[in-house]
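[1] no FASTA, just this:
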């Protein structure tokens, strides 16, 4: 009887320890996602100012500006109660639209010389870098959380305890960001 009590105590302690560890990892995943959310909010706030600053010069690029505005609106709405997959998709579309805007803006010397546009572009570039770092941290924490759920013997109990794997932040398979950049060093 004492041996059975000790075995049950050990198993019970292990379940509590495992549960608490998974809760801690789940909270780290949520925190990491919120850190991305903070950077995305900053990006969403910078975009209208950038659009207003370049609108006059980029009259012929109206379609590009409209794509950025639409992608921003979709990303903001996805962030308000949307699921992670929807947020990932919409933010990917916004990243693509912003990349196109930044690339096209290089063709406009007046924009490159405009201090307010230059400052906004630098802030946006800095924010994009911060988003990249936050995504990397998020994926690291998600991988740790998912691995903890998948190793034996935790995998036998994780779903019973209410845990489910989290989604990694990935580029869509058809994303232009997956393409190898073309470098031309010929002068």
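    Arrived safely, thanks for sending. The structure presented is a predicted model; accordingly, all values stated were derived computationally and were not measured.
[2] what about residue 147, neighbour count?
    Residue 147 is flanked by 12 other residues according to other Cβ atoms under 10 Å. Any C-beta I mention is one placed from the backbone N, CA and C, and that applies to glycine too.
[3] The one 5 residues further on too?
    By other Cβ under 10 Å, the residues close to residue 152 number 6.
[4] counting contacts, what elements does whichever strand or helix holds residue 27 pack onto?
    Assigning secondary structure by DSSP states H and E places residue 27 in helix 2-55. Applying 3 or more Cβ pairs under 8 Å, 6 or more residues apart in numbering; DSSP states H and E, one finds that helix 2-55 contacts helix 62-79, helix 84-105, helix 115-150, helix 154-157.
[5] in the lowest-mean-pLDDT helix or strand in the chain, what counts as buried?
    When each helix and strand of the chain is scored by mean pLDDT, DSSP states H and E, helix 109-113 comes last, with a mean of 75. For helix 109-113, a neighbour-count test (16 or more other Cβ atoms under 10 Å) marks residue 111 as buried.
[6] Contacts for it, please.
    The contact list for helix 109-113 (Cβ atoms under 8 Å, 6 or more residues apart in numbering) reads 54, 57, 58, 105, 106, 117, 118.
[7] quick one on the thing from earlier: any idea which of the helices and strands packed on helix 2-55 gets closest to residue 49?
    Closest to residue 49 of those is helix 115-150 (Cβ to Cβ; 5.8 Å).
[8] could you give the angle of the closest one to helix 2-55?
    Orientation of helix 115-150 against helix 2-55 (axes from the mean of the first three to the mean of the last three Cα atoms, to 10 degrees) gives an angle of 160 degrees.
[9] low-scoring stretches of this structure, by residue?
    Counting by pLDDT under 70, the chain shows low-confidence ranges at 59-60, 82, 171-187.
[10] Look up how far residue 33 lies from the residue nearest the centre of the chain.
    Central residue of the chain (Cα atoms, centre = their mean): residue 135, 4.7 Å from the mean position. Between residue 135 and residue 33 the computed distance is 10 Å (Cβ to Cβ, to the nearest Å).
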